[in-house]
Each structure stands twice: as structure tokens, then as C-alpha cells.
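Engineer: only geometry, no sequence info:
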Ligand code: M6R
């Protein structure tokens, strides 16, 4: 949560910072602020609301300078107000700071500082600004180091001081920070998206590191003042991938990206001849892999639904007992992990606080921990001892779509690879590989129905509650469809396995409670049809996701979204798409802020 941008170089900082904030707005969007060192002063402008408000407000100021920092906020400590917006300053107004994370001991620090310092906001960040002030004697990096030695909590921060006008100091513990390396210029940000227009050479700060950046040098240290030397990494993502490219919303673009980006997830990893997949990320030899006797998948939200698809695949193809654990529960349970347990952390951002904590816990217990991550260089990618990038490209809408698809794909590839070492026949392996190669065209067929799905959303826009039903491999699809609908339309919705309805939830059904059921032709088809009959008997409107050409379902449905058939294990790659489109169109029709729904942030970097 919260996005940070910093620039030091020779160019005008203001447009770089504003454009950078726009890239990071998905991380939080309740207030924003900016500071540019201009002449001998630092000019701070803040505003409640979106970056557009800040931009408007900036039009009334003359700001020129080539050093600055900026912040977009997702409130944790202190409400949404001008005072609580970042940047925060010390008493003198010379030390200015932006911060992402939580200073857990801010109350005690505030108490200690309050006799000599006056506070303007309710935030933990302002306490940090005053703490740094109390150590400042002309060397900003040293003062930040000393202050951070007193702090408990998490931070990605960037500080500047008017007495050292060409310098930024950045530090990280638990909240991500990357530094883009240009030609005598540096870009600092919470992720690489603000810097892609300027450079693809990036240094990722690790926990406990602090950077001193001027237009002439970048020096890295540990918090114990030891020099650290790192090479910049080349980032493949380019600026164009982070644009809407003519679509009305990032979410729609990302839904339509799926037939293309799924190919990036499997390219070079499929082996049709041997009916298998090759992912280097296991970092284990075949003997070690054969000894894996349990798999645990840890993730949150949409990533956890992708992980559920992985569970079905690992169990069916490799015969390995597999559990999915929501990371926020895993970290506080007495989970049983040993050296034969393979743990996958699944995350788009690679920065989800609960998933990171669960990774650390699984490692402490001796598990083999691997990452399935989208953002290159992110914390989970670095904390795990191997794993695979899903290559979905930048996903900027808060609601995850293409990252889900690519997570499912990579999990399927892992399951096929493990399966071939265990019990999967070459013939079934081949069919799966062929099936995956056909998915992009089948996805396009579903996407071509976008306008019909929009008409359906129009028809159902007046309903305040929805049910999503699925069984087997389509149960996670129902969960994902329901999450998409509620997070971007704010309509109440629930997802259940079809057979579970009659154990309670069916009491809710009436003509006012539409049910979206996934009834594609797989081994549970007949069972699902019976569940749909039960729904119809309660007069609930029924919208079906059904296999193309299935005439039988017509008599059961109020409306149908047809999808091409594929192998059962691959169905989530196709069946989720109409549900994404339904949620998207519904949100647009209801006038919601599709890409930035209320109360949410893309990366949940706090507990
Ligand atoms: O970055 P992650 O994949 O770890 O994020 C996990 C969830 O926060 C995320 O999937 C969330 O549920 C999305 N808003 C769903 O669309």
C-alpha cells in the first residue's frame, strides 16, 4: 500500500514525479503529495483524493527543480486528510520524508520526542521525520541510519534535506524500493513502473539496505554502515505494456491481453514430444523431486483461487497431497512443514505482506519454498530459493485478471512436470500440452462475446445479490468470479461448491437472487445440472457458463454464456473469462471506478 517516487538528476523533476505517481496510483489513492527542491527551498504540495486533484492543484504553483519525492497514500495510521497526506516534515521544514509501511512503535517514539517536537499529523511517518531530525548533524544518511535503529516495523522510505539539496536517501525494510539507473540520474520507486519510460536498468534494495543517491553517484550501505555493491538488473517490461492502449480501462485491456500473455507463461517451457513441461524453478534434481510427498500453496485473494486450481492439478496429475493455505492464516497456525514439503508462494506483486510472512515461516520450518510471481525482483521472488516468473507483464487494474491466468498456467506446467516424474502417462501429458497450446484461440472466442456479456450485465444490473456455483475444478472459478464481481461493482456475492448449497445457503434463494453456475461438460456435469435444478425450483434466475453446442442446458437457464470445450484441468483458463467480463461490464454500467475500486489497493503490503 502507498506508492513512493523519487528523482534526482538534471531533468525537471515535477513531470517525472507526477507521471510516476500515476503509475503507482494502484497502490493507494486516498491522498497524494509531492515536494520538489526548487532554488534554496523545498516546495511541498499535497491534496486529498486522486493524483488528478494533486495535478490540478500544482497548476497554481511555479515549480522548477531537478530533485524531488512524491507519494500516493492508502491510509493506515490517521484518516484521509491534508495533514496526514505525505510528504511529512520535521519541525524546521527542512527534512522531508515519504514512507510506505508501518512504524509499530510510533506511539512510544512520539512520546519521547513530544517535549521538543511539535506534530501536525496523526501519522507514524511524521514521527519518523522528527526522529531523523533529532539525529541530524549535516549528514542525512547517517541520521536516517540512526533513526531506523530505533524503529520497529516496516518501511520503504525516501528522505531529502534542504541542507543537502542534491541528495535523496532511501531505505527499505519490508516495503519494496527499486532504483532506476539513468545517465547521471536516478529514479526511486515502490516498483519499476514509474521508471520504465526512462531506464530498464534497476537495482532492487534488500531489507536492511540504505541508499544515498545524488545526480553523480549511488552508494548502498547496510544499516550498520557497511558498503554494499550491486549490479543493476535489466528489466524486460517496457513502457507500452503499462499503457491502456486504447481500452477504456486497464482491467479491460488486461482481460483482452490474456490470449497473448498466456503464451509468455508457457513459451519455451512445453515439451510436446515428451508430454511434459520444463520449469527450471524447482532447483532440485529428479531424485529430490521424487521425494516431495506434500505440496502447500500459500497465497491471498485471486492468487489463492489460482492456487486452488493448482491443488486439483497436483493431486490429479502427480498424486501428491496438496493444500491451499490463505497466507494470513498460514502464518499464525501450527503448520506442519518438513523438508519433503514443497511450498509454493503464489503472488502477482510479490509484495503481499501476509504471503511474505508465510514464506519466511515456511522457510524457518525447513520447507522447500518456491515462488510463482509476476513482478520481477519483488520480495517473494528474492525471498524464495527458486520458482518461476509468470510473465503476465504489468498488471495495473486492482482487480487481477491476466495474472490469475498466468498463475494457473504456471501451476499446470509444474503439475505436468511433477506428474511425468510420478504417474502421468506420456499420452495424457501430450494431450495436456496440446490443450494448453490451443487455449489462446479459445480465449479469443470468449472475448469475442464481450458485447453479449455486456448486454447480460445490463439486464442484471438491478440485482443486489449474486451466487456463483461450481464444482471440482470450477469451484475456484466460481470463487474468482464472485470476488471479481464484489470487488469492482460492490454488489454482494457469494461462491459455493454446487453440492454445498443445500446445507444452508439455499435458504437465501428467491427470484431476487440470480445464480451464476458453471456447468461445462466435465465429469461433474450431471451433478452440476442437479444443483441448477435445485436453484430453479427456488425461482432464482439462472445464468450458466456452458460448453458450446450444449442444447440440454437451455431448458434450465435464464441466460447462457457459451465457452469452447477444453480438457477439464484447463477449464479455468477459459471459464473464468466470461465472469471477468461480466464483472467488468457491470462495474462500468453502475458507474464504478473499475481500475481503482473503493477501499482497495493493488499490493497489500500491510498485515
Ligand atoms: O499481489 P498478490 O497476488 O499477492 O495479491 C493478492 C491479492 O491481494 C489480490 O489477488 C487481490 O485479491 C486482487 N484485488 C483480486 O482481484
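Structural biologist: Sure thing, it's come through. These figures come from a predicted structure and were not determined experimentally.
Engineer: Please report the distance of the closest residue to the ligand within the stretch 101-250 of the chain from residue 75.
Structural biologist: Per CB to the nearest ligand atom, residue 191 is where the stretch 101-250 of the chain lies closest to the ligand, at 11.0 Å. (C-beta placed from N, C-alpha, C; glycine too.) Using CB to CB, to the nearest Å, residue 191 is found at 20 Å from residue 75.
Engineer: Those two: who's more crowded?
Structural biologist: More crowded of residue 191 and residue 75, by other CB atoms under 10 Å: residue 191, with 29 against 17.
Engineer: Where do the domain boundaries of this structure fall?
Structural biologist: By the assignment in automatic domain parsing, the chain contains the domains 3-242, 250-445, 450-589.
Engineer: Below-threshold pLDDT in this structure: ranges please.
Structural biologist: Low-confidence segments of the chain (pLDDT under 70): 239-240.
Engineer: Enumerate the residues of it near the ligand.
Structural biologist: By CB under 6 Å from any ligand atom, the part of the chain that sits against the ligand consists of 300-303, 347-349, 352, 355, 398-400, 483, 487, 603-604.
Engineer: Give me the subset of those residues lying in strands.
Structural biologist: Of the residues of the chain next to the ligand, the ones assigned to strands by DSSP state E are residue 347.
Engineer: Settle this for me: residue 90 is touching residue 118, isn't it.
Structural biologist: No - checked against CB atoms under 8 Å, the pair residue 90 and residue 118 is beyond contact range at 10.0 Å.
Engineer: From the centroid of this structure, which residue is nearest?
Structural biologist: Most central in the chain under CA atoms, centre = their mean is residue 349, positioned 3.8 Å from the mean C-alpha point.
Engineer: quick one: contacts for it?
Structural biologist: For residue 349, the contact set (CB atoms under 8 Å, 6 or more residues apart in numbering) comprises 191, 374-375, 378, 602-603.
Engineer: run the last query once more with 10 Å
Structural biologist: Shown in contact with residue 349 (CB atoms under 10 Å, 6 or more residues apart in numbering): 26-27, 176, 191, 303, 355, 373-375, 378-380, 395, 400, 403, 602-605.
Engineer: about what we covered before: between the residues of the chain next to the ligand, which is nearest the ligand?
Structural biologist: For the residues of the chain next to the ligand, the residue nearest the ligand by CB to the nearest ligand atom is residue 301; the value is 1.9 Å.
Engineer: For the closest one, give me its contacts.
Structural biologist: Residue 301 touches 326-327, 347-348, 352, 354-355, 399-400, 404, 479-480, 483, 487, 600, 604, counting by CB under 10 Å, 6+ apart.
Engineer: does the residue of the stretch 101-250 of the chain closest to the ligand sit in a helix, a strand or a coil?
Structural biologist: coil (DSSP: H, G, I helix; E, B strand; the rest coil).
Engineer: that older thread, if you rank the contacts of residue 301 by neighbours, which is first?
Structural biologist: Result: residue 347 is most packed of these (other CB under 10 Å), 34 neighbours.
Engineer: Okay, and the beta partners of that residue?
Structural biologist: residue 373 (DSSP bridges).
Engineer: dump the residue contacts of it.
Structural biologist: Shown in contact with residue 347 (CB under 10 Å, 6+ apart): 298-301, 303-304, 306-307, 327, 354-356, 359, 371-375, 378-381, 390, 403, 407, 603.
Engineer: and the gap between it and residue 520?
Structural biologist: 28 Å.
Engineer: Quick check: helices, which of the contacts of residue 349 are part of them?
Structural biologist: 303, 355, 379-380, 403 (DSSP state H).
Engineer: Out of the residues you listed, which end up buried?
Structural biologist: Buried residues within the ones in helices among the contacts of residue 349, counting neighbours by 16 or more other CB atoms under 10 Å: 303, 355, 379-380, 403.
Engineer: re the thing from before, farthest-separated two in the ones in helices among the contacts of residue 349?
Structural biologist: Spanning the widest gap among the ones in helices among the contacts of residue 349 are 379 and 403, at 16.2 Å by CB to CB.
Engineer: To what extent is the nearest residue to residue 552 once chain neighbours are set aside buried, counted in neighbours?
Structural biologist: Nearest residue to residue 552 in three dimensions, chain neighbours excluded: residue 529, at 7.7 Å (CB to CB, 6 or more residues apart in numbering). Here the number of neighbours of residue 529 (other CB under 10 Å) works out to 17.
Engineer: same question, residue 228
Structural biologist: Other residues close to residue 228 by other CB under 10 Å number 15.
Engineer: Apart from its chain neighbours, what residue comes closest to it?
Structural biologist: Spatial nearest neighbour of residue 228, chain neighbours left out: residue 220 (4.1 Å); criterion: CB to CB, 6+ apart.
Engineer: What is the burial count for that neighbour?
Structural biologist: Residue 220: 19 neighbours (other CB under 10 Å).
Engineer: Can I take it that it is in a helix?
Structural biologist: No - judged by three-state DSSP, residue 220 forms no part of a helix; its state is strand.
Engineer: So what sits opposite it in the bridge?
Structural biologist: Going by DSSP bridges, residue 220 forms beta bridges with residue 211, residue 228.
Engineer: quick one, what contacts it?
Structural biologist: 170, 179, 203, 205-206, 209-213, 226-230.
Engineer: hey, where'd the strands end up in the stretch 351-500 of the chain?
Structural biologist: Per DSSP state E, counting those that start in this stretch, the stretch 351-500 of the chain carries strands over the ranges 368-373, 387-389, 465-470, 492-497.
Engineer: With respect to residue 542, which of those lies nearest?
Structural biologist: Of all those, strand 465-470 comes closest under CB to CB, at 9.5 Å.
Engineer: tell me the residue furthest from the middle of this structure?
Structural biologist: Outermost residue of the chain (CA atoms, centre = their mean): residue 115, 41.5 Å.
Engineer: Thank you kindly, that will do.
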